[in-house]
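S.K.: what's the 3D shape of this:
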Amino acid sequence: MESSQNNTKTEYTPNEYVSYGTSGVCQIVSVEQRSFDGEHEESYYKLRPVGNGNSTYYVPVERAADRLRPLLTKEQIYGLIDEMADVDFSETEWCSNSRERRGIFQNILRSDDYKEMMQMMHTLYQQQERKRRSGHRLAAADEAAMHAAENRMYQEFGIVLDIQPEQVHSFIMKRMDAVSSTKS
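M.R.: Residues are numbered from 1 along each chain as shown. All right, here's what the predicted structure looks like:
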């Protein structure tokens, strides 16, 4: 579900939720005329990130199509989960070079592609379990990438599905199990 496939909307209204790059889900607070350089006044969307009421972002209305995207629909989320239920994750290969792996994960997080993000998360869960069994932990960068992916996905899915972000993982697993059992 890449953002380029979903981002056909260019106008947003206050109280609407949008995805704003790696900042995740934000609510549009207002549309304001601002002059950040002291000379040129422009229309901006004022955004407040979900879960962080202290931060505020301003996105020029003229460039909103490049920087914002509408949230996925319920149907898109269901389709993504159903599609992922068919993926054979057993073939997932772990990149042993930590610097290269960090770059791969950062690219996935920047891409806004939830299919890639889910595959990355599954790989990290597998590695986390391997490490746990041997008495070790994931590297801090790997853990940070996993949490960043979880936060972004769980925030958006939670808002769209009207469930708490903490319930999203369970929801995904139940839906994947249901899809898998109907194909058996």
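S.K.: against the centre of this protein, work out the most remote residue.
M.R.: Of all residues in the chain, Glu39 has its C-alpha farthest from the mean position, at 35.8 Å, by CA atoms, centre = their mean.
S.K.: need the pLDDT of that residue.
M.R.: Predicted confidence (pLDDT) for Glu39: 88.
S.K.: kindly report the same for Ser111.
M.R.: For Ser111, the predicted pLDDT is 86.
S.K.: same check on Val31?
M.R.: 95.
S.K.: next, the distance between the ends of stretch 66-84.
M.R.: 27 Å (CA to CA, to the nearest Å).
S.K.: neighbours of Glu62, how many?
M.R.: 11 (other CB atoms under 10 Å). For the C-beta atoms, the positions are set from N, CA and C on the backbone; glycine is no exception.
S.K.: my bad, Asp37
M.R.: 8.
S.K.: related to what we said a few turns ago, so which strand or helix has the residue farthest from the centre of the chain?
M.R.: Remark: Glu39 resides in no helix or strand, with elements defined by DSSP states H and E.
S.K.: make 47 the first number, not 1, from now on.
M.R.: Let's use 47 as the start, then, which means that last one is Glu85.
S.K.: which strands and helices sit next to the helix or strand containing Ile205?
M.R.: Assigning secondary structure by DSSP H and E places Ile205 in helix 186-207. Of the remaining helices and strands, those touching helix 186-207 by 3 or more CB pairs under 8 Å, 6 or more residues apart in numbering; DSSP states H and E are strand 71-80, helix 120-131, helix 144-157, helix 160-179, helix 211-228.
S.K.: residue contacts, the closest residue to Ser226 other than its chain neighbours?
M.R.: Leaving aside its sequence neighbours, Ser226 sits nearest to Ala131 (CB to CB, 6 or more residues apart in numbering; 5.2 Å). Contact partners of Ala131, counting by CB atoms under 8 Å, 6 or more residues apart in numbering, are Arg221, Met222, Asp223, Val225, Ser226.
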